[in-house]
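Trainee: When you get a sec, could you give me coordinates for this:
(one chain, ligands or ions: 1)
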Amino acid sequence: MSITDSDPTERSEGTAPDPAPVPPAWRLLLGYVRPHRWALCAGALLALVTGATGLLLPLVARGLIDDLAHDRPVTGALLGMSGLVLANAAVGGLGSYVLRRTAESVVLGARRALSSYLLRLRISAVDRTEPGDLMARITSDTTLLREVTTDSLVGLGTGGLTLIATVVMMGLVDAVLLGVTLAVVLGAGTVLGVIVPRINRASRQAQDAVGAMGASLERILGALRTVKASGAERREEEAVHAAAEESWRQSVRAAKWTAAAGNTAGLAMQIAFITVLAVGGARVATGAIDVGTLVAFLLYVFYLMSPIQEVVGAVTQYQTGSAALARIQEALRLPAEPPARPAPLPSPGARPAAIAFEDVRFRYADDLPYVHHGVTFAVPARGMTAFVGPSGAGKTTVFSLIERFYDPESGTITLDGRDVAEWELSELRSAIGYVEQDAPVLSGSMRDNLLLGNPEAQDAEVARVLKTTRLDALVERLPRGLDTLVGHRGTKLSGGERQRVAIARALLRRPRLLLLDEATSQLDAVNEAALRDTVADVARSTTVLVVAHRLSTVTTADRIVVMDAGRVRAVGTHRDLVTGDPLYAELAATQFLAAAG
Ligand SMILES: Nc1ncnc2c1ncn2[C@@H]1O[C@H](COP(=O)(O)OP(=O)(O)OP(=O)(O)O)[C@@H](O)[C@H]1O
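Mentor: Just a heads-up that it's a prediction; the model follows:
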């Protein structure tokens, strides 16, 4: 699944698509590794020292055979060999630890960068992605960076250098036997050139399938009640299984080619060994070389196996890792907002904000119809303004544009007379409290939810807001008061309570402008009255805009903006509009709900 296909929303929001081509995977990898380069160099150095101690072993072995052949004492050679073996194990272990630790740090860096970036994504970018797929990019794709750092980058460096050093040593021992060995190795290299790109393709498809599985799971877990109530468990299960099986199929394909690559390298070494033994035996017979030289060379052939396998492993691992890197990079190229600078919240009693739309035209994407066809209205500071109109009229979109989740194609939106496009985003949002229609409550405690937008709020302020939102009685009833857990998405609260928690959360930010998207669902009379009184209270000191779905909300409003098909058709009080606007009269007659539901 690709998330970087060009998206028309970008242009309609004035966000130019990123024109720079995606850098090659190796350059991306170096970018992640750069902060850890010294640790990586230390690890690579230790790996090289390990390799060097190994390289000396055949030479010491040759000395040992020579000593034995000439009846010389062998204690020195034996001690030397033991020392080299111990040094090899100790330095090798330390090197491996340093490399793995560095690789974990690379993964940590990538996860931090990616998660911070995802929190800054523009809402338009989130609209066209699957959250589950994005999650897979942070969890599973970044994990692959670990192997690619240790096995691929370091493996290529140390394996490559050891390989060169081994070849040089072999050349010094016997050039003819080296020629024989290289001929076999080059043949194997040609076969590997065919296999390796296949590993890349299969790995990429396997990772995409993991992303698709995450997306399916997120879809199910996000609406498990609906899935169960709709009896759709089996069909949803099949979708998850299909993605899991696709990932399995592609991983098995990648495993097949990886195994083929490994075996080709192994087979090449066996062939090289037998050929060297045959050619070397003949050379010993003719007296061209002695037995010690042949044994030393054969040890080098064995020794060659490890760096060759390291290099082959590095290349195959790089293929898997570059697929993951590409997926991470795709996520990092989604349009994002500039990094948020912390903006202070308005002080208590800050003056309310005035808001105005002037001929605003907006559509969610170039290939979608306009949602706003020139919306114009002005709301003075303080008081409650209700937005009413049939479903799809563009009321919620008004709020999204004020919050700058999207930018209009033309026209201006001003807050206190200043174009919202000119405001620093964090400064703009700190002036506004926003309560979404489905009033999201996050998992965690009641306190976590209330303090989400203002962690510094004092107890007295929290108590006051709880009273305003008529939540004080509820909190008293909860077994652990504010520390009671509210469940995933606040499932332990009623719909009305969730809405009031969301309002309380917004109020604790002391907004100069409160945007309240009323729930379309019917509330019971007690909850409805509590909500109405709350909003009326708040509107005395703040500017409140409400997308209203209930007649009881609009009758108390200071002014009502009637929207229809992306236009403002009338503005007035309930009394004016009931007689002056036929659509409003009709909506009021049906209590809004028939037209709004
Ligand atoms: N993220 C989006 N991407 C594309 N189209 C969208 C998006 N959000 C809303 N729309 C479309 O824009 C139009 C206006 O939506 P909006 O939510 O503003 O309507 P509304 O008046 O608030 O409706 P309701 O009363 O049902 O909440 C609708 O036709 C809707 O399908």
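Trainee: use CA for all of it now, contacts and neighbours both
Mentor: Fine.
Trainee: domain ranges for the chain?
Mentor: Taking automatic domain parsing as the domain assignment, the record places the domains of the chain at 23-332, 439-510.
Trainee: how about the shortest one, does it get close to the ligand?
Mentor: In this case it means domain 439-510. No - taking Cα under 6 Å from any ligand atom as the criterion, domain 439-510 and the ligand are apart, separated by no less than 12.9 Å.
Trainee: if you average pLDDT over that domain, what comes out?
Mentor: When pLDDT is averaged over domain 439-510, the result is 83.
Trainee: And for the longest one?
Mentor: Domain 23-332 shows an average pLDDT of 84 in the prediction.
Trainee: from the chain's centre, how far out does that domain sit?
Mentor: A distance of 25 Å separates the C-alpha centroid of domain 23-332 from that of its chain, computed with Cα atoms, centre = their mean, to the nearest Å.
Trainee: end-to-end on that domain?
Mentor: Domain 23-332 stretches 12 Å from its first residue to its last (Cα to Cα, to the nearest Å).
Trainee: swap in stretch 153-164?
Mentor: 17 Å.
Trainee: Could you pull out the strands in the stretch 351-500 of the chain for me?
Mentor: According to DSSP state E, counting those that start in this stretch, the stretch 351-500 of the chain carries its strands in the segments 355-362, 372-379, 383-388, 410-415, 418-419, 432-435.
Trainee: how about the ones you listed in CSV, adding mean pLDDT, mean neighbour count and distance to the ligand?
Mentor: Formatted as CSV, the strands of the stretch 351-500 of the chain follow (pLDDT from 0 to 100; neighbours: other Cα atoms under 10 Å; distance: least, Cα to the nearest ligand atom, whole Å):
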stretch, mean pLDDT, mean neighbour count, distance to the ligand
strand 355-362, 96, 21, 10
strand 372-379, 94, 19, 8
strand 383-388, 93, 26, 8
strand 410-415, 95, 19, 16
strand 418-419, 94, 14, 21
strand 432-435, 90, 24, 13
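Trainee: Would you reformat these as CSV and include distance to Thr573?
Mentor: Formatted as CSV, the entries for the strands of the stretch 351-500 of the chain read as follows, by distance: least, Cα to Cα, whole Å:
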stretch, distance to Thr573
strand 355-362, 18
strand 372-379, 13
strand 383-388, 9
strand 410-415, 23
strand 418-419, 27
strand 432-435, 24
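Trainee: Not counting sequence-adjacent ones, nearest residue to Gly54?
Mentor: In this structure, Gly54 finds its nearest non-sequential neighbour in Asn88, 6.6 Å apart by Cα to Cα, 6 or more residues apart in numbering.
Trainee: same thing with Leu298?
Mentor: Of all residues beyond its chain neighbours, the one nearest Leu298 is Phe273 (6.9 Å), with distances taken as Cα to Cα, 6+ apart.
Trainee: you'd agree that neighbour is in a helix?
Mentor: Yes - using DSSP: H, G, I helix; E, B strand; the rest coil, the assignment for Phe273 is a helix.
Trainee: Residue of the stretch 101-250 of the chain nearest the ligand, please.
Mentor: Asp127 (5.8 Å; Cα to the nearest ligand atom).
Trainee: For the chain, which residues are neighbours of the ligand?
Mentor: Contact residues (Cα under 6 Å from any ligand atom) of the chain with the ligand: Asp127, Tyr364, Val371, Ser391, Gly392, Ala393, Gly394, Lys395, Thr396, Thr397, Ala596.
Trainee: What subset of those residues is buried?
Mentor: Listed as buried from the residues of the chain next to the ligand are Tyr364, Val371, Ser391, Ala393, Gly394, Lys395, Thr396, Thr397, Ala596; burial here means 16 or more other Cα atoms under 10 Å.
Trainee: pretty sure Ile432 is touching Leu515, no?
Mentor: Yes - under the criterion of Cα atoms under 8 Å, Ile432 is in contact with Leu515, at a separation of 7.3 Å.
Trainee: The nearest residue to Phe405 once chain neighbours are set aside - how many residues pack around it?
Mentor: Closest residue to Phe405 apart from its sequence neighbours, by Cα to Cα, 6+ apart: Ile123 at 5.6 Å. For Ile123, the tally of surrounding residues (other Cα atoms under 10 Å) stands at 16.
Trainee: now do the one 5 residues further on
Mentor: Around Arg128 sit 14 other residues, with neighbours defined as other Cα under 10 Å.
Trainee: Provide a list of residues in contact with the closest residue to Leu452 other than its chain neighbours.
Mentor: Nearest-residue entry for Leu452: Arg505, 6.9 Å, with adjacent residues in sequence omitted and distances by Cα to Cα, 6+ apart. For Arg505, the contacting residues are Asn449, Leu450, Leu451, Leu452, Gly453, by Cα atoms under 8 Å, 6 or more residues apart in numbering.
Trainee: Work out for me the element Arg505 sits within.
Mentor: Under the criterion of DSSP states H and E, Arg505 resides in helix 495-507.
Trainee: quick one: the helices in the stretch 51-200 of the chain?
Mentor: Secondary structure of the stretch 51-200 of the chain, counting by DSSP state H, counting those that start in this stretch: helices at 75-120, 123-127, 131-136, 142-147, 160-173, 175-222.
Trainee: residues contacting His36?
Mentor: For His36, the set of contacting residues under the criterion of Cα under 8 Å, 6+ apart consists of Thr102, Ser105, Val106.
Trainee: In a helix, it, correct?
Mentor: Yes - following the definition three-state DSSP, His36 is counted among the residues of a helix.
Trainee: Quickly note the distance from it to Arg201.
Mentor: Per Cα to Cα, His36 is found 29 Å from Arg201.
Trainee: check contacts around the closest residue to Asp133 other than its chain neighbours.
Mentor: Nearest-residue entry for Asp133: Gly211, 4.1 Å, with adjacent residues in sequence omitted and distances by Cα to Cα, 6+ apart. Going by Cα under 8 Å, 6+ apart, Gly211 touches Met1, Gly132, Asp133, Leu134, Met135, Ala136, Arg137.
Trainee: Show me just the buried residues among those residues.
Mentor: When burial is judged by neighbour count using 16+ other Cα under 10 Å, the buried members of the contacts of Gly211 are Met1, Gly132, Asp133, Leu134, Met135, Ala136, Arg137.
Trainee: and Pro348, how many residues sit next to it?
Mentor: Neighbourhood size, Pro348 [other Cα under 10 Å]: 12.
Trainee: Contacts only, for the closest residue to it other than its chain neighbours.
Mentor: Closest residue to Pro348 apart from its sequence neighbours, by Cα to Cα, 6+ apart: Arg510 at 6.4 Å. Applying Cα under 8 Å, 6+ apart to Arg510 gives the contacts Leu345, Pro346, Ser347, Pro348, Gly349, Ala350, Ala431, Gly433.
Trainee: List the contacts of the nearest residue to the first one once chain neighbours are set aside.
Mentor: In other words, Leu345. The shortest distance from Leu345 to any residue other than its chain neighbours is 5.5 Å, reached at Ser430 (Cα to Cα, 6+ apart). By Cα under 8 Å, 6+ apart, Ser430 lies in contact with Ala343, Pro344, Leu345, Pro346, Arg509, Pro511.
Trainee: Mind checking which of those residues are buried?
Mentor: Leu345, Pro346, Arg509, Pro511.
Trainee: distance of the most centrally placed residue in the chain from Pro24?
Mentor: To find the centre residue of the chain, average its C-alpha atoms and take the closest one (Cα atoms, centre = their mean): that gives Ile138, at 4.1 Å. In this structure, Ile138 and Pro24 are 20 Å apart, going by Cα to Cα.
Trainee: one step back: narrow the contacts of Ser430 to those in strands?
Mentor: Of the contacts of Ser430, none are assigned to strands by DSSP state E.
Trainee: ok, of those, which one's closest to Ser322?
Mentor: Closest approach to Ser322 among those (Cα to Cα): Ala343, at 38.7 Å.
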